[in-house]
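**Student:** sequence first, then the predicted structure, then my questions.
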Amino acid sequence: MKKFSAVLALLAVFYAGVGEARNTESKSGESPTTFFTLDANGSVQIAPDGHVSEYRLEGSLQPAVAVLVKRAVLHWQLEPIVLDGDPVVAKTSMHIQLRAEPAAGKDDEFSVRVASVAFGNPARFNAGNPP
């Protein structure tokens, strides 16, 4: 039920003009699959061990969609940023694309996933410490 509620919220965002509906190319004899995409921009703070210690999104997402993004982002394990041989806390921009498509064999359910993520150039984050 949570997944379906999240999809309804996601679809509401798409129909509000934020997302986009697309069709995949059909394979021989199969009908095309419709899917929806939603893009979100923000930033992540990467701890010295590579886990995401903080993230922010620009703008706002529907609450159910924001929960899906939070769950995904906080479980990422990234390559630590190393400066002068030592891992440091760093911040970088990110662009996330979500994808919702009909669940296999189920007419009234959608599967929502993070389809792609792109990161900008990391910058050292000194949290108030002198350089």
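**Tutor:** Structure's in. What do you need? Residues are numbered from 1 along each chain as shown.
**Student:** now the helices for this protein?
**Tutor:** Assignment of helices within the chain using DSSP state H yields the ranges 2-15, 63-73.
**Student:** may I have the shortest one exported as PDB, CA atoms only?
**Tutor:** By that I understand helix 63-73. What follows is helix 63-73, C-alpha atoms only, in PDB (Å, rounded to 0.1, in the frame of the first residue of the first chain):
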ATOM      1  CA  PRO A  63       6.000  13.700   0.900                       C
ATOM      2  CA  ALA A  64       5.700  10.000  -0.300                       C
ATOM      3  CA  VAL A  65       8.300  10.700  -3.000                       C
ATOM      4  CA  ALA A  66      10.600  12.500  -0.600                       C
ATOM      5  CA  VAL A  67      10.600   9.400   1.700                       C
ATOM      6  CA  LEU A  68      11.600   7.200  -1.300                       C
ATOM      7  CA  VAL A  69      14.500   9.600  -2.100                       C
ATOM      8  CA  LYS A  70      15.600   9.900   1.500                       C
ATOM      9  CA  ARG A  71      15.600   6.100   1.900                       C
ATOM     10  CA  ALA A  72      17.800   5.700  -1.200                       C
ATOM     11  CA  VAL A  73      20.200   8.600  -0.600                       C
END
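**Student:** re earlier: averaging pLDDT over each of the helices of the chain, which comes out lowest?
**Tutor:** With a mean of 45, helix 2-15 has the lowest mean pLDDT of the helices of the chain.
**Student:** look up how far residue 101 lies from the closest residue to residue 99 other than its chain neighbours.
**Tutor:** Leaving aside its sequence neighbours, residue 99 sits nearest to residue 115 (CB to CB, 6 or more residues apart in numbering; 3.8 Å). Using the backbone N, CA and C atoms, a C-beta is placed for each residue, glycine as well. Distance of residue 115 to residue 101, given as CB to CB, to the nearest Å: 10 Å.
**Student:** between those two, which one's more packed in?
**Tutor:** residue 101 (18 against 15; other CB atoms under 10 Å).
**Student:** looking at it, that one is touching residue 34, isn't it?
**Tutor:** Yes. If you go by CB atoms under 8 Å, residue 101 and residue 34 touch, sitting 7.4 Å apart.
**Student:** so where's this protein uncertain?
**Tutor:** Residue ranges of the chain with pLDDT under 70: 1-32, 122-131.
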